[in-house]
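Chemist: quick one: sequence plus predicted model below, questions after.
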Amino acid sequence: MAYGIVLEFTDVDGKQYDAVNEKLGIDMASGKGDWPAGLLSHAAGPLPSGWIVSEIWESKSAQEGFMAGRLGAALADADVPAPTRVTDSELVSYRTP
């Protein structure tokens, strides 16, 4: 079944989020770009103290491979610190209406 992950970042803003996506070659406005294999959904937005990203993946290994490779490099290049909180789950259900 699917794998879900929520990443919370302190002192990260929309400009840094946009910079990471630019480095990844993903245009959030159009939804076009070099999306990672295995990603089923992605949502992100501001928090009072930073930024949150919520994703659903085909598998935990797909997410870990992306984090260890392209995403880790893009986060470092954009000077985004490690998430302050990570919540994840091997999901028992994932459906889109």
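Modeler: Great, that's in hand. Everything quoted here is computed from the prediction, not taken from an experiment. Numbering: from 1, shown residues only.
Chemist: show me where the chain has its helices.
Modeler: Along the chain, the segments classed as helices by DSSP state H run 14-24, 60-66, 72-77.
Chemist: closest one to Arg95 among the ones you listed?
Modeler: The closest of the helices of the chain to Arg95 is helix 60-66. By C-beta to C-beta, the value is 18.7 Å. Using the backbone N, CA and C atoms, a C-beta is placed for each residue, glycine as well.
Chemist: Trp35: which of the helices of the chain is closest?
Modeler: Of these, nearest to Trp35 by C-beta to C-beta is helix 14-24, at 8.5 Å.
Chemist: in the sheet, who's paired with the residue sitting nearest the centre point of the chain?
Modeler: Computing the C-alpha centroid of the chain and ranking residues by C-alpha atoms, centre = their mean puts Val53 first, at 5.3 Å. Beta-bridge partners recorded for Val53 (DSSP bridges): Leu7, Ala44.
Chemist: Val6: what's it in contact with?
Modeler: By C-beta atoms under 8 Å, 6 or more residues apart in numbering, the contact set of Val6 is 52-55, 85-88.
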